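Peer 1: prediction below, plus the sequence it came from.
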Amino acid sequence: MNLLMITRKVDRLDSHAGHTHRWVQALAQEVARTHGHLSVLCLQQGDVSGLPENVSVHSLGKERGVSRLRRWGRFPAAAWPLVARSHAVFCHQNPEYALAVWPIAKLLGRRVVAWYVHGTVTWKTRLMAHLVDAVLTASPESFRVHSRKVRVTGHGIDLDMFRPQPRQPDGQFRIVSVGRISPTKDYETLIQAVAVLRKAGLAGVICEIVGGPGLPQHQEYFESLRSMTQRLGLKDAVRFPGPVANERVAAHYQRADVMVNLSGTGSVDKAGLEAMACGLPLVTSNAAFRTLVPSDLLVVPNNPQLLADALRRVQGWDVLQRRALGERLRAAVARDHSLPALAVKIVAACRGGSTSAV
């Protein structure tokens, strides 16, 4: 089967889109079972080293400074021959890709399958659901347009990359939170919880907030977090290492004691699953994780005291408790969210086969 994938960026070292590189690898491996080829049309291309021989990447030129208007102007001419030599089109995340390619695909008689993971519903997501042949999503909360076309597939977590590593105790209680720095992540509650822990006498707490502003307008929010850290006297306790390439973020999970995810999107967050795959306890206010983590690690949003109480419980666990939970969390990711399994489901949907319906 020949498949066309449309995505924003393919770059092995990118902090936000680095996982897409591994998705391309997994899909290429799956279509290779029938001697197929994977074409990837992206807005921007970075480091694409390590991709299989049956992959070709075609960029619309953002990395060369091509403007947004010119990129979309180039889209039909770039997409037509790629659609023509593919059996189906897989559109990754942005509804605009599916809306843009749909007329070409329908003229050529090709299936269009979309992937979308976000709680927000717009006219674009509704129209996408109406037009495409199938919508794949990670969890029921990740796509909130009711349609018989929606299929829940789980996320695609690379279990070889995100795996447990033993850590020698160093007297520190290490908290990590990974993701784009934006108001929906509620990092201020995490910082205030660290202050509560320090005030309660937990002097060895270290918190890493890994990531950078997701959009230019989020820079002000980032600066407010840094100011809060200074104001609360937590300069030595709360650290901002900045954006980290996705292939290197596993090391941040592996040297931590607990992951905190306070995302307000309402959908299963990929970073939380990556941490779980590393055997890391996850404390979260995200209700989408309610079937994945113990109830005493689910906290009320915007409540630093309750978050601090949950972190203190984790800090008090012994090695056996931590190991047992870590094994259960990794097993849950392996069962429902592994990358190879997702690649199989994507290709099956593109062929017209069924996956589990919502």
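Peer 2: Received, thanks.
Peer 1: so where's the chain shaky on pLDDT?
Peer 2: 353-358 (pLDDT under 70).
Peer 1: and it, what are its domains?
Peer 2: Annotated domains of the chain cover 3-156+338-351, 173-336 [automatic domain parsing].
Peer 1: can you give me the helices in this structure?
Peer 2: 18-31, 68-84, 95-107, 123-131, 187-199, 219-231, 250-254, 270-277, 304-315, 319-336, 339-351 (DSSP state H).
Peer 1: so which of these is the most packed in?
Peer 2: Ranked by mean neighbour count, those are led by helix 270-277 with a mean of 26 (mean count of other C-beta atoms under 10 Å). C-beta coordinates here come from the backbone N, C-alpha and C atoms, glycine included.
Peer 1: name the residues that touch that helix?
Peer 2: Helix 270-277 is contacted from outside by 19, 117, 138, 155, 157, 159, 162-163, 176, 178-179, 249-250, 253, 256, 259, 261, 263, 282, 284, 286, 289, 292-293, 329-330, 332-334, 337, using C-beta atoms under 8 Å, 6 or more residues apart in numbering.
Peer 1: what about those residues, which are in strands?
Peer 2: Taking DSSP state E, the ones among these that sit in strands are 176, 178, 259, 261, 282, 284.
Peer 1: in contact with the residue lying closest to Met128 once chain neighbours are set aside, which residues?
Peer 2: Sequence neighbours aside, Pro95 is the residue nearest to Met128 in space, at 4.2 Å (criterion: C-beta to C-beta, 6 or more residues apart in numbering). Shown in contact with Pro95 (C-beta under 8 Å, 6+ apart): 114, 116, 122, 124-125, 127-128.
Peer 1: measure Pro95 to Asn2 for me?
Peer 2: From Pro95 across to Asn2, the span is 24 Å (C-beta to C-beta, to the nearest Å).
Peer 1: touching, Pro294 and Leu325? I think so.
Peer 2: Yes - Pro294 is in contact with Leu325 according to C-beta atoms under 8 Å; the separation is 7.1 Å.
Peer 1: check the offset of stretch 139-150 from the chain's centre.
Peer 2: The gap between where stretch 139-150 is centred and where its chain is centred comes out at 18 Å by C-alpha atoms, centre = their mean, to the nearest Å.
Peer 1: stretch 336-348 too?
Peer 2: Using C-alpha atoms, centre = their mean, the offset of stretch 336-348 from its chain centre is 15 Å.
Peer 1: name the residues that touch that stretch?
Peer 2: By C-beta under 8 Å, 6+ apart, stretch 336-348 touches 1, 3, 22-23, 26-27, 29-31, 90, 113, 115, 136, 138, 151, 153-159, 273, 354-355.
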